[in-house]
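Peer 1: Pasting the sequence and the predicted model now:
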Amino acid sequence: MTVSFRLLFTFLLGPLLALAQAPPPAPAPPASPLPRLLAERQVLTRRYAAARAQRNSLFGLGGQPSKKDLQAVVDALQGIVNKDEQIVAVLNQSAQAAQNTATTLQSTSRDDRNLTSDRLAEARNQQLNVQERERRAMARQLALEDDLDAAQQARQRRDWAILGLALACVGLFFWRRRR
């Protein structure tokens, strides 16, 4: 029974838990409305061209456009102007967003530069501290070596003194024995 539970967990629930723990995908950037607005402007431009080509005069005299034809041209031109205003608004928003992004990037860059210079200064200080500790350790080592040399010389002098006294004692012993 436990083997089947393990198999069930491994093959069915394991991948679901892995998916639940995975980070969500990054959201896609919003699509720009500019292509749609430009396509709508093209439609309005064609409508304007069609309205301008209309020549429905009252009695068909002189090929003059009628009042209705002129109103259709004005309406088409007003639609183009309105669409142009929307396009300019989108372009202004895009420019503002680009400016905000540039400002943010400059600020981030400045912050990164400051952080990097702070870390570099900290690393230099640490390097100087390490060099100072090494210099002190070297000075201590040299002082200890000097002390060791002095102690060894003192021990050597003591040993020579003991040897000299021992030889004098042996000499004195033999001298006393001969007498």
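Peer 2: Noted; the coordinates are in hand. Bear in mind the structure is a predicted one, so any value in this text is a computation, not a measurement.

Peer 1: C-alpha from now on. contacts and neighbour counts both.
Peer 2: Fine.

Peer 1: residue contacts, the nearest residue to V90 once chain neighbours are set aside?
Peer 2: The spatial neighbour of V90 that comes closest, neighbours along the chain excluded (Cα to Cα, 6 or more residues apart in numbering), is L34 at 6.8 Å. Contacts for L34 were tallied using Cα atoms under 8 Å, 6 or more residues apart in numbering; they are 87, 90-91.

Peer 1: which helices and strands sit right next to the biggest helix by length in the chain?
Peer 2: Criterion DSSP state H: the longest helix present in the chain is helix 67-178. Helices and strands touching helix 67-178, by 3 or more Cα pairs under 8 Å, 6 or more residues apart in numbering; DSSP states H and E, are helix 34-53.

Peer 1: Could I get the buried residue list for the helix it packs on?
Peer 2: 34, 37, 41, 44-45, 47-48, 51-52 (16 or more other Cα atoms under 10 Å).

Peer 1: Just give me the closest of those to W160.
Peer 2: Distance to W160, by Cα to Cα, is smallest for L34 among the buried residues of helix 34-53, at 103.2 Å.

Peer 1: What score does the closest one have for pLDDT?
Peer 2: pLDDT, L34: 87.

Peer 1: Over to K68?
Peer 2: Reported pLDDT for K68: 84.

Peer 1: residues touching it, list them.
Peer 2: Contacts of K68 (Cα under 8 Å, 6+ apart): none.

Peer 1: where's it relative to A150, distance?
Peer 2: For K68, the distance to A150 equals 121 Å [Cα to Cα, to the nearest Å].

Peer 1: What about L70, how many residues nearby?
Peer 2: 17 (other Cα atoms under 10 Å).

Peer 1: Under the pLDDT cut-off, which ranges of the protein? List them.
Peer 2: 1-30, 56-63 (pLDDT under 70).

Peer 1: and stretch 80-96, C-alpha only, in CSV?
Peer 2: C-alpha atoms of stretch 80-96 as CSV (Å, rounded to 0.1, in the frame of the first residue of the first chain):
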residue,chain,number,x,y,z
ILE,A,80,-8.6,62.3,-39.1
VAL,A,81,-7.8,65.3,-36.8
ASN,A,82,-9.3,63.5,-33.8
LYS,A,83,-7.3,60.4,-34.6
ASP,A,84,-4.1,62.5,-35.1
GLU,A,85,-4.7,63.9,-31.6
GLN,A,86,-5.0,60.4,-30.2
ILE,A,87,-1.8,59.4,-32.0
VAL,A,88,0.0,62.5,-30.6
ALA,A,89,-1.3,61.7,-27.1
VAL,A,90,0.0,58.1,-27.4
LEU,A,91,3.4,59.4,-28.7
ASN,A,92,3.5,61.9,-25.8
GLN,A,93,2.8,59.1,-23.3
SER,A,94,5.5,56.9,-25.0
ALA,A,95,8.0,59.8,-24.8
GLN,A,96,7.1,60.4,-21.1
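
Peer 1: I appreciate the help and will end here.
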